[in-house]
Every structure is written in structure tokens, then in C-alpha cells.
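Enquirer: starting from these lines, generate the structure:
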Amino acid sequence: MKNKKNDKDKESKKIDIKIKKIKDDNKNSSENEVIENEYDPKCDPKHIIIFDCKLDSFEDFKAIDLLYVVDTTASMNCYLKGIKKIMRKIIWDMQKCISKYLLDDVDILRVGIVTYKDHGDEDKTYLTNIDIDLTGNLKEVDNIIKSLECGGGKDEPEAVLDGLNVALNDVNWRDESIKFIYHILDAPCHGKKYNNVEEDKFESCPKNIDAEELLIKIRNKNINYSVIKLNDSTNMMIQEFKKLINIEVLSPEIYYDKSEIMNQE
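Expert: I've put the predicted structure just below:
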């Protein structure tokens with residue numbers, strides 16, 4: 001017992017030293033920035049998603065595919081640190097839930113990320129991008145999450161349908177998997193049916209993606225579609241979407257950094 005206590009004391013000192021070093025290295029950083037940079041989802045016991053209820057409805061499953069679809073236009077920059085925390089936390093929640101089923105297949109969970117911006121900005125950046133296809137390499141997924149950046153965009157509505165279209169048709173979903181999309185956004189898609197933004201430059205999706213057809217395909221593919229809503233600007237769109245598919249709307253507390261506000265040109 002004495003040796004174990006000494007080991008714990010040594011470990012405690014190591015932790016203290018690490019924390020002190022972090023603080024020394026970040027003398028010019030705010031406390032929030034240190035927390036954000038050193039965030040560990042294991043230290044936050046509060047679930048964002050209760051996956052037990054979702055998985056319990058399946059008698060037998062061998063694979064889970066979890067895809068993030070993320071708006072990365074400039075208006076999202078003030079939420080970016082918080083979004084990265086949420087993304088890591090959801091993966092952690094899923095891993096904890098899977099572990100309860102004592103499943104041995106290390107490739108049971110695959111995670112991917114699709115990002116999108118807005119029409120008319122493609123020459124400066126991109127319209128849609130598969131940042132990482134569905135993969136069991138969660139370390140690589142975490143590296144992609146760390147590297148996410150925001151910028152660009154034109155008017156308030158964004159290329160929402162284009163991002164979902166790529167998510168549905170261009171990602172390597174497994175036939176046998178339970179499928180999840182977590183859509184993180186702060187603006188609706190183009191089209192007066194889905195928003196009441198006067199300066200919307202387009203009457204509908206410029207790429208002629210039909211929202212109803214797209215949503216029906218998501219429904220038929222049995223994808224569990226959830227929206228992580230950052231404000232109320234997407235309410236009208238969500239209500240229209242709900243006429244065709246079930247949507248879980250989530251509004252978790254997300255770190256907001258006023259100093260990182262960017263204007264969309």
C-alpha cells in the first residue's frame with residue numbers, strides 16, 4: 001500500500017508540473033484559451049448525446065458510422081474552439097457507450113468530416129470538402145478537428161444542401177452500419193422556403209440540389225440526422241426539413257469567443 005501511495009504522489013507531482021508548464025507557456029493567453037487548448041473530454045462527465053438509448057433499439061449491430069457536416073464560413077469562427085470540443089466530446093460519448101457492449105471489433109466506430117462554405121466563393125476557397133472520409137483512425141480524425149479553420153462566405157445563407165449532398169453521396173458509408181450525421185451550423189440553406197433573409201442572393205440552391213429529394217434519400221438510407229443549432233436563424237429551415245425526416249435538434253452550450261468574430265465578405 002505504501003508503494004502505491006508513493007506512486008500516486010509521484011503521478012500527482014507530474015500532473016502539477018505539467019499544469020504549471022502549461023500556465024507558464026501561456027502567460028499571454030486567457031484562462032479560457034488554456035482550457036480550450038488542453039481540453040480532454042474524459043474530464044467532462046456530462047453527456048452531450050445519450051447513445052445508449054439510440055443503440056439499445058438495435059438488437060444486433062456490427063458497425064457505427066458517425067459523420068460531422070460542418071459550416072466553416074467566417075461567421076462560424078467565433079464558435080470554432082467550442083465546436084472542436086463538442087466534436088471530440090461526441091466521439092468520446094460514443095466510445096464509452098460502445099464499450100458497454102463489450103464489442104471486440106476495433107473498427108466498429110468510424111468517423112468522418114465534411115465541411116462546406118458558400119456559393120460564389122469557390123475561386124477563393126472551396127464549396128464542399130471531405131476533410132476526412134469515414135475511418136477508424138480516430139487519432140487522424142482528431143488531427144483534422146484540430147486543423148479546422150473558418151473563412152469566406154457571402155450572404156447569410158450557406159451551401160447547406162451541397163454539404164449534405166456530399167455527405168449522402170460521396171462518403172464511404174458501410175451498408176451494415178448504424179449511421180449518424182451531426183450537422184453543425186449557424187445559418188440556413190438558400191431559398192425563401194427555408195429562410196427569411198432579405199439579402200439571400202439565390203432563390204434556391206445554385207447547384208439545383210432539390211432539398212426534398214435529398215432529405216428523402218437521407219431518410220431511406222436510415223441515417224440518424226441531428227442538427228447542432230448555434231442560433232435561431234435555422235429555425236425555419238429545420239421546420240421545413242422536419243416535414244420529411246425526423247430531426248434531433250441539439251443546442252449544447254458552446255464556447256463563444258467574441259475576439260474571433262470574422263466578417264463574411
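Enquirer: was I right to think residue 72 contacts residue 144?
Expert: No. Using CB atoms under 8 Å, residue 72 is not in contact with residue 144; the gap is 11.8 Å. (Glycine included, C-beta is placed from N, CA and C.)
Enquirer: who's more crowded, these two?
Expert: residue 72 (27 against 17; other CB atoms under 10 Å).
Enquirer: how much space separates the more buried one from residue 93?
Expert: Look at residue 72 and residue 93: by CB to CB, to the nearest Å, they are 23 Å apart.
Enquirer: now residue 183
Expert: 17 Å.
Enquirer: who's more crowded, the two?
Expert: Neighbour totals were compared for residue 183 and residue 93, and residue 183 leads with 24 against 19 (other CB under 10 Å).
Enquirer: what's the pLDDT at the more buried one?
Expert: On pLDDT, residue 183 comes in at 98.
Enquirer: ok, which stretches of the chain are helices?
Expert: For the chain, the helices defined by DSSP state H cover 2-25, 31-37, 51-56, 80-99, 138-147, 160-169, 211-220, 235-241.
Enquirer: weakest of those by average pLDDT?
Expert: Lowest mean pLDDT within the helices of the chain: helix 31-37, a mean of 37.
Enquirer: pass me the low-pLDDT residue ranges in the stretch 101-250 of the chain, would you?
Expert: Within the stretch 101-250 of the chain, the ranges that satisfy pLDDT under 70 run 102-106.
Enquirer: one more time with 80
Expert: Where the stretch 101-250 of the chain drops to pLDDT under 80, the residues are 101-106, 121-124, 154-155, 201.
Enquirer: can you pull out the strands in it?
Expert: 109-116, 128-135, 178-185, 223-229, 248-250 (DSSP state E, counting those that start in this stretch).
Enquirer: does anything pack onto the first one? Which helices or strands?
Expert: Right, the one you point to is strand 109-116. strand 64-71, helix 80-99, strand 128-135, helix 138-147, helix 160-169 (3 or more CB pairs under 8 Å, 6 or more residues apart in numbering; DSSP states H and E).
Enquirer: can you list those in JSON lines and add distance to residue 243?
Expert: What follows is the helices and strands packed on strand 109-116, written out as JSON lines (distance: least, CB to CB, whole Å):
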{"stretch": "strand 64-71", "distance to residue 243": "20"}
{"stretch": "helix 80-99", "distance to residue 243": "26"}
{"stretch": "strand 128-135", "distance to residue 243": "25"}
{"stretch": "helix 138-147", "distance to residue 243": "33"}
{"stretch": "helix 160-169", "distance to residue 243": "15"}
